[in-house]
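**Student:** 3D model of this:
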Amino acid sequence: MLGLLKIRHRLQATIPNAARQLHSTSATRATPTSSTEKEEEAKWTPHSIRTGLIARKRGMTAMWDDQGVRTPVTVLQLEDCQVTANIKTVRKDQTEYHAVQVASTNRPEKTETKQMLGHFKKAGVPPKRVVKEFPVTSDAHVPVGTTLSAIHFVPGQYVDVIANSIGKGFQGVMKRWNFKGLRASHGVSVSHRAAGAIGAHQDPGRVWPGKKMAGHMGNVRRTTQNLRVVRIDTALDLIFVKGSVSGVDDAFVMIRDAKKKMNQSSQVNEAKGNFEKLLPRGLESLPFPAGTVELAKNLPKVIEAPSARVTSPFVPRE
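**Tutor:** Next up, the predicted model:
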């Protein structure tokens, strides 16, 4: 995109040197004429959709930035996250579906099925515990066998995290649906937390489908959107995101670029001509098609995002 190449560098002063080095090491992209040129000249555009990663939720902690702002963060860690396949399918309407299959966490060979052993052997990777695929654009395929790094996500960008919520078992309507409950005063006998009436009269003579009632709660797939990446540890493959993430500690989660604050927002700003706002403040580009361990070797071990606060609390106001 010609517009993307005209991005001004007005906010470069706020970007850490490490993040600036990351942007400079990412390749550039033009309209490819061959597969070789496509790999050498790949660069992120507002219409690009990159692959996601599989990580383990390690728990929550807190961080303080250089402006003195305390941020609650969730720590996510990659475990031997590798690409096992590139998928291309032609639909009935002749459109194409592209995806990158990613696997994570090595497992003993004796615990894997023969079918999956053959699949991993073809990809040239050891047996894995979790295999997922992420829809991508046609220019975002990653070579099979590539080991992905935490540097795939740049500090300062936004991500969506997909995980199964914590199971709560069988719960009543007050905990499951936040019902008010019945009166706690006299006149209500051992029914304070009851659901109350659930149906109508003789007509319709049944309970409408979808009625909020007591039942199983939790252990469902949930997506937490627009979490800001505040720190990357390339030595331990740690990703620190602001806020909470569904699931128990050590559970597997999927991380991808935020659909709203990254993909859709950049496309809207490009259409409006706001080329300085294609990415969040302080970012110039993203590792494309993916952030690999080879890229991480050329970067510092810890990279932090610039503070979201504009004024410093340590400097007296005039």
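**Student:** can you show me the helices along the stretch 151-300 of the chain?
**Tutor:** Assigned by DSSP state H, counting those that start in this stretch, the stretch 151-300 of the chain shows helices spanning 173-177, 265-272, 293-297.
**Student:** report the distance from the last one to the chain centre.
**Tutor:** For helix 293-297, the distance from its own C-alpha centre to the chain's C-alpha centre is 20 Å (Cα atoms, centre = their mean, to the nearest Å).
**Student:** likewise stretch 202-219?
**Tutor:** What separates the centre of stretch 202-219 from the centre of its chain is 34 Å, taken as Cα atoms, centre = their mean.
**Student:** ok, now stretch 272-285?
**Tutor:** How far stretch 272-285 lies from its chain's middle: 20 Å, per Cα atoms, centre = their mean.
**Student:** returning to what we had before: what about the helices of the stretch 151-300 of the chain, which gets the closest to residue 145?
**Tutor:** helix 293-297 (11.7 Å; Cβ to Cβ). Where C-beta positions appear, they are placed from N, C-alpha and C, glycine not excepted.
**Student:** buried set for the closest one?
**Tutor:** 293, 295-296 (16 or more other Cβ atoms under 10 Å).
**Student:** so how far is residue 90 from the residue nearest the centre of the chain?
**Tutor:** The centroid of the chain falls nearest to residue 255 when counting by Cα atoms, centre = their mean (2.7 Å). Per Cβ to Cβ, to the nearest Å, residue 255 is found 29 Å from residue 90.
**Student:** same thing with residue 108?
**Tutor:** Distance, residue 108 to residue 90, by Cβ to Cβ: 38 Å.
**Student:** got a list of what residue 166 touches?
**Tutor:** For residue 166, the contact set (Cβ atoms under 8 Å, 6 or more residues apart in numbering) comprises 218-219, 246-248.
**Student:** can you give me the strands in the stretch 51-200 of the chain?
**Tutor:** In the stretch 51-200 of the chain, the strands defined using DSSP state E, counting those that start in this stretch lie at 53-64, 70-78, 82-90, 96-106, 128-136, 158-164, 169-171.
**Student:** nearest to residue 234, out of those strands?
**Tutor:** Nearest to residue 234, of all the strands of the stretch 51-200 of the chain, is strand 70-78, at 10.2 Å by Cβ to Cβ.
**Student:** in its sheet, which strands sit next to that closest one, and in what direction?
**Tutor:** Using DSSP bridges, the strands paired with strand 70-78 are strand 53-64 (antiparallel), strand 238-242 (antiparallel).
**Student:** what comes up buried for it?
**Tutor:** Neighbour-count burial for strand 70-78, counted by 16+ other Cβ under 10 Å, picks out 71, 73-78.
**Student:** now tabulate those in JSON lines and tack on distance to residue 147.
**Tutor:** Putting the buried residues of strand 70-78 into JSON lines (distance: Cβ to Cβ, whole Å) gives the following:
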{"residue": "71", "distance to residue 147": "29"}
{"residue": "73", "distance to residue 147": "25"}
{"residue": "74", "distance to residue 147": "23"}
{"residue": "75", "distance to residue 147": "20"}
{"residue": "76", "distance to residue 147": "17"}
{"residue": "77", "distance to residue 147": "14"}
{"residue": "78", "distance to residue 147": "9"}
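**Student:** what's the closest of those to residue 281?
**Tutor:** Nearest to residue 281 among the buried residues of strand 70-78 is residue 71, at 16.0 Å by Cβ to Cβ.
**Student:** can you pull the contacts of residue 60?
**Tutor:** Neighbouring residues of residue 60 by Cβ under 8 Å, 6+ apart: 72-75, 244.
**Student:** do residue 135 as well
**Tutor:** Residues in contact with residue 135 (Cβ under 8 Å, 6+ apart) are 49, 97-99.
**Student:** what do you get if the cut-off is 6 Å, keeping everything else the same?
**Tutor:** residue 99 (Cβ atoms under 6 Å, 6 or more residues apart in numbering).
**Student:** same deal with residue 238?
**Tutor:** Residues near residue 238 by Cβ under 6 Å, 6+ apart: 75, 77.
**Student:** equivalent analysis for residue 140, please.
**Tutor:** By Cβ under 6 Å, 6+ apart, residue 140 lies in contact with 48, 50, 289.
**Student:** one more: residue 267?
**Tutor:** Applying Cβ under 6 Å, 6+ apart, we find residue 267 in contact with residue 46.
**Student:** how about residue 163?
**Tutor:** 246-247, 253.
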